[in-house]
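S.K.: take this sequence and fold it.
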Amino acid sequence: MTEPTLRTAHTCRLGPADLDEIRVLLDTAFEGDFSDDDWDHSLGGIHAWIRDGSGLLAHGSVIQRRVVHLGRSYRIGYVEAVAVRADRRREGLGGRIMAELEEVVDGAYAFGALSASAAGAALYAGRGWRVWPGRIAVQARYGVERLPGEEGSTYVRGAAGRGLPTGSGTLVFDWRDGDVT
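M.R.: I've put the predicted structure just below:
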C-alpha cells in the first residue's frame, strides 16, 4: 500500500472525476446527511485531500465568506466539508487536512470560522479553534436574523490584532442557501 499523500488545489483545478470522488467520500462520511447545498458550500476555494493506494481517505476545503462584526466587514476563510473515511479515522488524517487549511486561512484571510458537528468539535478545539462566545446571525433577505442554533458550535481561529474580533458581540454571516453557517 502506498503512503498517504496530501495534495491541495483550487476547485477549478479539480476534474469531474475528482469532484465525484470527493462527493462520494462526503456523502458516506456524513452518512447521507450531506446535502447538495452543503456540497455547493464546499466549492470555489482551496481543497486539501489525502489519498493512498486504496483511494481517497480525507478531505476539507476553505472558501471565502464575509462576516460583519460591530459594523466592520471581514473577509474570512470558512472551513467546509472536512471528513475522513470511516476505516481510517484516528490516524491523524483530519489533523493533516486542517493544518493545510489553516495555512490558507492564516495566510489569506482576516480570520477563520467553521461550524462544528459534535463529532468534529474535539478536532478543532484541540487545534486552537475556539467557540465564538457571542451571538451568531445571518444577513437575511429582510435584515439580520439571529441563529441561536449555531451558537456554541461556531468556531473561530486567528490572533487578536490580526483580524479576529476581540470580545464577543454578534458575527453576522453573509447569506447562502441551505445551512447558512
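S.K.: make it CA atoms for all contacts and neighbour counts henceforth
M.R.: Will do.
S.K.: need the contact list for residue 10.
M.R.: Neighbouring residues of residue 10 by C-alpha atoms under 8 Å, 6 or more residues apart in numbering: 44, 45, 46, 47.
S.K.: my bad, should have said residue 73
M.R.: Residue 73 touches 66, 67, counting by C-alpha under 8 Å, 6+ apart.
S.K.: doesn't it belong to a helix?
M.R.: No. Counting by DSSP: H, G, I helix; E, B strand; the rest coil, residue 73 is not found in a helix; it is strand.
S.K.: list the beta-bridge partners for it.
M.R.: In this structure, residue 73 bridges to residue 68 when assessed by DSSP bridges.
S.K.: max-length helix in the protein?
M.R.: helix 93-108 (DSSP state H).
S.K.: quick check: next helix or strand after it?
M.R.: strand 112-115 (DSSP states H and E).
S.K.: show me the contact partners of that following strand.
M.R.: 76-80, 102, 105-106, 150, 153-158, 181.
S.K.: can you tell me the strand partners of that strand and which way each runs?
M.R.: Strand 112-115 is paired, per DSSP bridges, with strand 72-84 (parallel), strand 154-157 (antiparallel).
S.K.: for residue 174, which of these is the nearest?
M.R.: Of all the strands paired with strand 112-115, strand 72-84 sits nearest to residue 174, with 10.0 Å by C-alpha to C-alpha.
S.K.: appreciated, that's everything.
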